[in-house]
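**Student:** I need the structure of the sequence given here:
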Amino acid sequence: MTDTRDAVLELKSRMGKLVLGQDHLVESMLVGLLANGNILLESLPGLAKTRAVKSLAKNLAADLSRIQFTPDLLPSDVTGAEIYVQTDKGGQFTFQKGPIFANLLLADEINRAPAKVQSALLEAMEERQVTVGGKTYKLPDLFMVLATENPIEQEGTYPLPEAQLDRFLMQVVITYPDEAVEGEIIKLNREENAQKPKDKADEPAPISQQSLFDARNEIDGIFVSDAAQKYMVDVIFATRFPGRYGDPLGKWIQVGASPRGSLALDRCSRVRAWLDGETFVTPDHVRAVIHDCLRHRVILSYEAVADGVSVDQVLDKIVALVAPV
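**Tutor:** As a prediction, the model looks like this:
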């Protein structure tokens, strides 16, 4: 366990040196990768979403594809298409793979693409395969979609339906860095622009994909007690039956989290325990992932929206009211 965990922590350390002031983003990306899930990244422009994904691909032996989602994008632009080619034996159709056939897929501004494109991406996220022309093509064993969306520019967008949001393991909200980190970002950018290109021989070797697969096997063995499991269930049911906890929580939630929310809490809390070097899940590990796992799975009521209550504030209230066994 030690060697595998050291390799993953080394990956985290390398990313942290390239993406300053976004420790939560870096750790959440690793949690999603180790939990074999997909992540929705939400932030204002310029807060290192793309840089973080690129730093992950740079320090991991993985292929990266980037798709800029636009209203005129077609499903075949994502999945690929069958192309008619002329050969010595005559004409035939050959499948030309699209950018989705990579280990890491950066789906930039996913909510700017129409429903058909989002549907094509949904199959890849859930089934880890692509179907074109009646044939199914398997995606790489290491595959993760990191989709981004801008919360303020809504003109010309196609909001993701709740069913598709539910397919994302986590929704990570990225905030501004503090003043000290802002200065370090300026300094780092200045140093990067001034540096000469490095010889690839001088760069450390990327972390192997096998290290991640070994880590996933170890995470499968992390123990979840009945008490920890009940705590996860209690949190989920607090989103479905908030009236049990009285007002104001009872009037804030219209729709609670699905069973995928329970599975996400279980998978991500086991990853957090593994990253902490523990062999079992504690309530602290569950609390550490509640917001990222559930913020996109809880639909607020009209009263909550009218009162200016955010999903994170609702989840804060649930964490305060639901006590571990």
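**Student:** what's around residue 104, how many residues?
**Tutor:** By other CB atoms under 10 Å, the residues close to residue 104 number 22. Just so you know, the C-beta spots here come from the backbone N, C-alpha and C atoms, and that holds for glycine as well.
**Student:** residues touching it, list them.
**Tutor:** If a contact means CB atoms under 8 Å, 6 or more residues apart in numbering, then residue 104 has 53, 56-57, 60, 62-65, 143-144, 146 as its contacts.
**Student:** can I get the residues you listed in TSV with neighbour count, pLDDT and secondary structure?
**Tutor:** Written out in TSV, the entries for these read as follows (neighbours: other CB atoms under 10 Å; pLDDT from 0 to 100; DSSP: H, G, I helix; E, B strand; the rest coil):
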residue	neighbour count	pLDDT	secondary structure
53	25	91	helix
56	27	94	helix
57	20	93	helix
60	24	94	strand
62	21	93	coil
63	15	93	coil
64	17	94	strand
65	16	94	strand
143	21	95	coil
144	23	95	strand
146	27	94	strand
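**Student:** Mind putting the residues you listed into a markdown table with distance to residue 20?
**Tutor:** Putting the contacts of residue 104 into a markdown table (distance: CB to CB, whole Å) gives the following:
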| residue | distance to residue 20 |
| --- | --- |
| 53 | 15 |
| 56 | 15 |
| 57 | 18 |
| 60 | 19 |
| 62 | 22 |
| 63 | 26 |
| 64 | 21 |
| 65 | 25 |
| 143 | 28 |
| 144 | 23 |
| 146 | 19 |
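**Student:** closest to residue 185 among those?
**Tutor:** Within the set of those, residue 53 lies nearest residue 185; the separation is 17.1 Å, counting by CB to CB.
**Student:** Surely that closest one and residue 64 touch.
**Tutor:** Yes. In this structure residue 53 lies within contact range of residue 64 using CB atoms under 8 Å: 7.0 Å.
**Student:** Identify the contacts common to these two.
**Tutor:** Both residue 53 and residue 64 are in contact with 104, 106, where contact means CB under 8 Å, 6+ apart.
**Student:** ok, the contacts of residue 104 vs residue 27, which is closest?
**Tutor:** Relative to residue 27, the closest of those is residue 56; by CB to CB it sits at 11.8 Å.
**Student:** Next up, the contacts around the closest one.
**Tutor:** Residues counted as contacts of residue 56 (CB under 8 Å, 6+ apart) are 11, 15, 29, 33, 62, 104.
**Student:** distance of it from residue 144?
**Tutor:** Here the distance between residue 56 and residue 144 works out to 9 Å (CB to CB, to the nearest Å).
**Student:** Need the overlap of contacts for the two.
**Tutor:** The contact lists of residue 56 and residue 144 share 33, 104, where a contact means CB under 8 Å, 6+ apart.
**Student:** In contact with the spatially closest residue to residue 239 that is not a sequence neighbour, which residues are there?
**Tutor:** Take residue 239 and drop its neighbours on the chain: the residue closest to it by CB to CB, 6 or more residues apart in numbering is residue 256, 3.5 Å away. With contacts taken as CB under 8 Å, 6+ apart, residue 256 has the following neighbours: 236-242, 297-298.
**Student:** And the spatially closest residue to residue 245 that is not a sequence neighbour, how close does it get to residue 170?
**Tutor:** Spatial nearest neighbour of residue 245, chain neighbours left out: residue 321 (4.9 Å); criterion: CB to CB, 6+ apart. In this structure, residue 321 lies at 22 Å from residue 170, with CB to CB as the measure.
**Student:** Pick out whichever of the two has more residues nearby.
**Tutor:** When neighbours are counted by other CB under 10 Å, residue 321 and residue 170 differ, and residue 170 comes out ahead with 24 against 15.
**Student:** any idea how far residue 294 is from that one?
**Tutor:** Relative to residue 294, residue 170 is positioned 9 Å away (criterion: CB to CB).
**Student:** Repeat that for residue 183.
**Tutor:** Here the distance between residue 183 and residue 294 works out to 34 Å (CB to CB).
**Student:** With residue 219 instead?
**Tutor:** For residue 219 relative to residue 294 (CB to CB), the value is 20 Å.
**Student:** what do you get for residue 244?
**Tutor:** On the measure of CB to CB, residue 244 and residue 294 end up 17 Å apart.
**Student:** before we move on, what about residue 179?
**Tutor:** Between residue 179 and residue 294 the distance, using CB to CB, works out to 31 Å.
**Student:** swap in residue 44?
**Tutor:** Residue 44 sits at a distance of 22 Å from residue 294 (criterion: CB to CB).
**Student:** Other residues contacting stretch 120-138?
**Tutor:** 38, 75-76, 78-82, 93, 95, 97-98, 100-101, 105, 107, 110, 139, 143, 145, 147, 164, 167-168.
**Student:** before we move on, which element is the nearest residue to residue 7 once chain neighbours are set aside in?
**Tutor:** Nearest-residue entry for residue 7: residue 211, 4.1 Å, with adjacent residues in sequence omitted and distances by CB to CB, 6+ apart. Counting by DSSP states H and E, the secondary-structure element that holds residue 211 is helix 209-220.
**Student:** Just list what the helix or strand just after that helix packs against, helices and strands only.
**Tutor:** Counting by DSSP H and E, the element after helix 209-220 in chain order, helix or strand, is helix 226-240. Under the contact definition 3 or more CB pairs under 8 Å, 6 or more residues apart in numbering; DSSP states H and E, helix 226-240 sits against helix 259-275, helix 283-294, helix 311-321.
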